[in-house]
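# can you look at this prediction? I've put the sequence above it.
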Amino acid sequence: MAYLELKNVSKTYGQGKDSTEVISNINLKIEEGEFVAIVGFTGSGKTTLVNLINGLIKPTSGEVLFKGEPVVGTSHERGVIFQNYSLLPWLSVFQNVAMAVKEAFPKENKSEIKNRVESYVEMVGLTHAINKRPKELSGGMRQRVAVARALAMKPEMIIMDEPLGALDALTRGNLQDEILNIWNQDKRTALLITNDVDEGIYMADRIIPLKPGPNATLGPEFIIDIDRPRDKTELNDNASFMKTRNEIIAYLMAIGEDRKSVSEVEYLLPDLAPKSFVDTF
Ligand SMILES: Nc1ncnc2c1ncn2[C@@H]1O[C@H](COP(=O)(O)OP(=O)(O)OP(=O)(O)O)[C@@H](O)[C@H]1O
């Protein structure tokens, strides 16, 4: 039995003639302890896929199974790091992380929770800002809080929806390593959704391209046969890295070309203007 399995999963938004099947017939198996990356273009259906796996939305057809059971709603067992860090604006960094930790570890006492929160805030390099509110932080800092919050809950499976996109290269590299450490030490299972092929190769055991939607579906998988721990500085000299990278990029470029030809349809916009605006300009 796979740890996570998607069986012929499709998702349609809208109804009748306005409906769009965003993803179609996705089949995916992830084994316990694996690190899988899905790479895809913007707007290709990546977040839809994450939301289906997380249980935030239901498939229109097909099944999402977690440890053999259908996914019904969200669960602490699957921790998601979202692209748009959803922090509570009226709470400090400490309180934002503590709230999640309390929920995941309801039996822990105050000092255990404090220690747990402080260690994850330190891990993302935000100890100096622990009492600040989100509005006092940069976008990158907010995203680091969101990473700390998700990892502090120690989910069995870490699901990441382009979690590091807003970060500078150095912070991004450090967090990639922290996520890999946690995945490795705590024997987690991980799914990373990214548009960065190099990030996928550095982190994952397998990379699967998401062919862009409508009707997005998974392409062939690429196995990353590079020993761990991987050394970022040496990857460019690694023949296996270069070969896999070239193959994935060639594949994505080919489907990108197909996508262009499909998107060259001319859409006519209605010639409308609100009455109050007519003759104003
Ligand atoms: N609730 C919704 N109702 C209708 N259409 C939706 C809904 N959510 C997403 N879509 C459409 O589904 C398609 C895929 O969206 P999705 O957010 O899954 O893509 P994505 O790959 O995560 O995009 P990005 O990389 O830009 O975040 C888009 O065309 C989007 O407009």
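Now that the structure is in, tell me what you want to look at.
# interface residues of this structure facing the ligand?
Proximity of the chain to the ligand, by Cβ under 6 Å from any ligand atom, involves residues 13, 14, 22, 40, 42, 43, 44, 45, 46, 47, 48, 213. Just so you know, the C-beta spots here come from the backbone N, C-alpha and C atoms, and that holds for glycine as well.
# give me the buried subset of the residues you listed.
Neighbour counting with 16 or more other Cβ atoms under 10 Å marks 22, 40, 44, 45, 46, 47, 48, 213 as buried within those.
# can you pull the contacts of the fifth one?
Read that as residue 46. 38, 40, 161, 162, 193, 210 (Cβ atoms under 8 Å, 6 or more residues apart in numbering).
# at 6 Å instead, please
40, 193 (Cβ atoms under 6 Å, 6 or more residues apart in numbering).
# residue 37 now?
192, 194, 200, 204, 207.
# so how far is residue 99 from the last one?
Think residue 207. To residue 99, residue 207 is 34 Å away according to Cβ to Cβ, to the nearest Å.
# comparing those two, which residue is more hemmed in?
Here residue 207 and residue 99 are compared on neighbour count by other Cβ atoms under 10 Å; more neighbours surround residue 207, at 27 against 15.
# CA atoms only for the helix or strand harbouring that one, dumped as PDB, please.
Assigned by DSSP states H and E, residue 207 belongs to strand 206-211. C-alpha atoms of strand 206-211 as PDB (Å, rounded to 0.1, in the frame of the first residue of the first chain):
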ATOM      1  CA  ARG A 206      11.900  11.700  -8.000                       C
ATOM      2  CA  ILE A 207      10.700  14.600 -10.100                       C
ATOM      3  CA  ILE A 208       7.400  14.500 -11.900                       C
ATOM      4  CA  PRO A 209       6.400  17.300 -14.300                       C
ATOM      5  CA  LEU A 210       2.900  18.600 -14.300                       C
ATOM      6  CA  LYS A 211       1.700  19.100 -17.900                       C
END
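# for that strand, packing partners?
strand 35-40, helix 239-263 (3 or more Cβ pairs under 6 Å, 6 or more residues apart in numbering; DSSP states H and E).
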